[in-house]
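Asker: Can you look at this prediction? I've put the sequence above it.
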Amino acid sequence: MEKFLMNNRNIILRHSLFCTHYQEILHDEKDRIFCRHDINHFLSVARIAMILNVTEKYNIDEEIIYATALLHDIGRHEQYKTGVDHAAASTSIAKNILNDCTFSSQEKKLILTAISCHSDKRIEHSRSLYGLIYRADKLSRNCFCCEVYQKCKWTDEKKCRNLIY
């Protein structure tokens, strides 16, 4: 258990910037009827990405997967307030948080690129961290039992209509 106390995923969870932006998301989404971008979503993306990582044999380091999943939507509240694309806002916030982690420069660049393109459908089938996070993000949604399914603006193609993971 000791080895998990200072790993990068826990550095991120305890980082003041992560906590500040996360609280803003919770505040902005308190009355949201559609999918929320809370810790359950972040961890679902991480855990589904871990499953895909094993089943599709990518062999991506789990700290990289968790960091990307925890930070991929951290700028969501900026999209609500200013209209800026949340992936771009998340990338900017993540860059500052990652500077306090122990990732190499190459790993930080990989994580930031994955965050910046995580909602770009063109990477859906990419056999990389980018495609993995894209698919995990979509698979994390429980559209198959959603009470506001008919009101959701997502296309039927984008909705997760079957339980897979």
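Answerer: Structure received.
Asker: Quick check: buried residues in the longest helix along the chain?
Answerer: Identified as the longest helix of the chain according to DSSP state H is helix 39-55. The neighbour-count check on helix 39-55 (16 or more other CB atoms under 10 Å) flags 41-42, 44-50, 52-53 as buried. For the C-beta atoms, the positions are set from N, CA and C on the backbone; glycine is no exception.
Asker: What's the mean pLDDT across that helix?
Answerer: Mean pLDDT, computed over helix 39-55, is 97.
Asker: same thing with stretch 98-109?
Answerer: Mean predicted confidence for stretch 98-109 is 97.
Asker: Would you indicate which residues of it are buried?
Answerer: So, applying 16+ other CB under 10 Å, buried residues of stretch 98-109: 98, 101, 103, 107-108.
Asker: cool, and stretch 74-81?
Answerer: 74-79.
Asker: What ranges does the protein have for its helices?
Answerer: Under the criterion DSSP H, the chain contains helices at 8-14, 16-28, 39-55, 62-71, 76-82, 86-98, 105-116, 129-139.
Asker: Switch those helices over to JSON lines; also include distance to residue 163.
Answerer: JSON lines is the format used below for the helices of the chain (distance: least, CB to CB, whole Å):
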{"stretch": "helix 8-14", "distance to residue 163": "26"}
{"stretch": "helix 16-28", "distance to residue 163": "26"}
{"stretch": "helix 39-55", "distance to residue 163": "11"}
{"stretch": "helix 62-71", "distance to residue 163": "19"}
{"stretch": "helix 76-82", "distance to residue 163": "25"}
{"stretch": "helix 86-98", "distance to residue 163": "26"}
{"stretch": "helix 105-116", "distance to residue 163": "25"}
{"stretch": "helix 129-139", "distance to residue 163": "9"}
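Asker: you'd agree residue 137 is up against residue 119?
Answerer: Yes: counting by CB atoms under 8 Å, residue 137 touches residue 119, with 7.4 Å between them.
Asker: the more surrounded of these two?
Answerer: For residue 137 versus residue 119, neighbours defined as other CB atoms under 10 Å are more numerous around residue 137 (20 against 17).
Asker: How about that one: what's its closest non-neighbour residue?
Answerer: Nearest residue to residue 137, sequence neighbours excluded (CB to CB, 6 or more residues apart in numbering): residue 45, at 5.3 Å.
Asker: Quick one: residues contacting the one you found.
Answerer: Residue 45 is in contact with 69, 72, 133, 136-137, 140, counting by CB atoms under 8 Å, 6 or more residues apart in numbering.
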